[in-house]
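Undergrad: I would like to see how this sequence folds:
(one chain, ligands or ions: 1)
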Amino acid sequence: MADSMTAEPRPADVTTRPTGEPLIVLDHVEKHFGELHVLRDVNLTIHRGEVVVVIGPSGSGKSTLCRTINRLETIDSGTISIDGKPLPAEGRELARLRADVGMVFQSFNLFAHRTVLENVTLGQVKAKGVKPAVAKATAMDLLERVGVADQAAKRPAQLSGGQQQRVAIARALAMKPKAMLFDEPTSALDPEMINEVLDVMVGLAQDGMTMVVVTHEMGFARRAAHRVVFMDAGQVVEEAEPETFFTAPRSGRAKDFLSKILTH
Ligand SMILES: Nc1ncnc2c1ncn2[C@@H]1O[C@H](COP(=O)(O)OP(=O)(O)OP(=O)(O)O)[C@@H](O)[C@H]1O
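TA: Numbering: from 1, shown residues only. Down below sits the predicted model:
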């Protein structure tokens, strides 16, 4: 019989963990860019502690969906709520939203003229009023956690892409977010750096962070997602647990997409 005390944690530890109450709710969301209808009647509920991976063809609206949750894009109609409250439009409430829902971008978006440590410290001090010494200590803990504490005094440009992305994750975590949004966080990275970022993300998932992840990394979806959301032409076409989605997609559009990406 296997010794459960010494067994390695399995990927299923994330995906079988029960998730909680609704945290992020999109209800009949519509969005156009001019004539282009990018989000079509999107209804989606993300629960506390849930890891949702959003996949779909290029241009299907995945990034836009992610950005609307952080109000980096406005919506035309429908509603989005976080923790039962509608998204604020501006001011302090919007700053609080951006702290509560951390976002990690493909292009890192670090402050180029600040050190790594300052990148992870500044937001805490400016947006949350944390004392500088406390913010610094939190930042160092987080940089340790993502494996770049030894880079704290450098500028972002002196780091590899994988290291910069891990700093970006630490910076978002420093705001003590309720949820994290990842918009293709590994797409700009050289192949050997992808796993070092994905491993940090799997660690967050194991710790119970609520996550929405737009990615082409199907291995991550299998390892860490509770649910895969498949988008095409602005619509949520299908949602399912990863195993079900990858082995038995229901819609023709999902089958077609998977046949293209899984055979190459
Ligand atoms: N700011 C914008 N202004 C005008 N059109 C936009 C804007 N942002 C995105 N689009 C268009 O909206 C559509 C959806 O874009 P989006 O980036 O959300 O797709 P995606 O599924 O994330 O694609 P990819 O996988 O290639 O990143 C695309 O046709 C894109 O060109």
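Undergrad: and the closest residue to Ala172 other than its chain neighbours, what is it in contact with?
TA: Excluding the flanking residues, the one nearest Ala172 by Cβ to Cβ, 6 or more residues apart in numbering is Gly102, at 3.0 Å. Yep, even glycine has a C-beta here, placed from its N, CA and C like the rest. By Cβ atoms under 8 Å, 6 or more residues apart in numbering, the residues touching Gly102 are Ala172, Leu173, Met175, Pro177, Ala179, Met180, Leu181.
Undergrad: Show me the one in those residues that has more neighbours than the rest.
TA: When neighbours are taken as other Cβ atoms under 10 Å, the top entry among the contacts of Gly102 is Leu181 (26 neighbours).
Undergrad: Was I right to think Met211 contacts Arg48?
TA: No - using Cβ atoms under 8 Å, Met211 is not in contact with Arg48; the gap is 11.1 Å.
Undergrad: Need the contacts of Gly102 in JSON lines (columns: pLDDT and secondary structure).
TA: JSON lines is the format used below for those (pLDDT from 0 to 100; DSSP: H, G, I helix; E, B strand; the rest coil):
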{"residue": "Ala172", "pLDDT": "96", "secondary structure": "helix"}
{"residue": "Leu173", "pLDDT": "97", "secondary structure": "helix"}
{"residue": "Met175", "pLDDT": "96", "secondary structure": "coil"}
{"residue": "Pro177", "pLDDT": "96", "secondary structure": "coil"}
{"residue": "Ala179", "pLDDT": "97", "secondary structure": "strand"}
{"residue": "Met180", "pLDDT": "98", "secondary structure": "strand"}
{"residue": "Leu181", "pLDDT": "98", "secondary structure": "strand"}
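Undergrad: Just give me the closest of the residues you listed to Leu110.
TA: Of all these, Ala172 has the smallest distance to Leu110: 11.2 Å, by Cβ to Cβ.
Undergrad: Does the closest one touch Val101 like I think?
TA: No - the criterion here is Cβ under 8 Å, and Ala172 misses it with Val101 at 9.1 Å.
Undergrad: which neighbours do these two share?
TA: Going by Cβ under 8 Å, 6+ apart, residues that sit against Ala172 and also against Val101 are Met180.
Undergrad: re earlier: neighbour-wise, which of Met211 and Arg48 wins?
TA: Met211 (24 against 16).
Undergrad: in a helix, that's where that one is, yeah?
TA: No - Met211 is assigned strand when assessed by DSSP: H, G, I helix; E, B strand; the rest coil, not a helix.
Undergrad: Excluding chain neighbours, give the residue nearest to it in space.
TA: Val51 (4.7 Å).
Undergrad: Then Glu73?
TA: Spatial nearest neighbour of Glu73, excluding adjacent residues (Cβ to Cβ, 6+ apart): Arg67 at 4.5 Å.
Undergrad: Residues of this protein that sit close to the ligand?
TA: Within the chain, the residues that sit near the ligand (Cβ under 6 Å from any ligand atom) are Phe33, Leu36, Val38, Gly56, Ser58, Gly59, Ser60, Gly61, Lys62, Ser63, Thr64.
Undergrad: at 8 Å what do you get?
TA: 33-34, 36, 38, 56-67, 73, 183-184, 187, 214, 216, 231, 234 (Cβ under 8 Å from any ligand atom).
Undergrad: quick one: low-confidence ranges for the stretch 1-150 of the chain?
TA: 1-13 (pLDDT under 70).
Undergrad: ok, now with 80
TA: 1-18 (pLDDT under 80).
Undergrad: again with the stretch 151-264 of the chain
TA: 262-264.
Undergrad: How far off centre is the helix or strand containing Ala133?
TA: Ala133 is part of helix 132-145, with elements assigned from DSSP states H and E. Here the centre of helix 132-145 is set off from its chain's centre by 21 Å, with Cα atoms, centre = their mean, to the nearest Å.
Undergrad: neighbours of the residue nearest to Met211, just the number please.
TA: As a measure of burial, Val51 has 29 neighbours, counting by other Cβ under 10 Å.
Undergrad: so the residue nearest to Glu73 sits right up against Thr74, yeah?
TA: No - with contact defined as Cβ under 8 Å, Arg67 does not reach Thr74; the gap is 9.8 Å.
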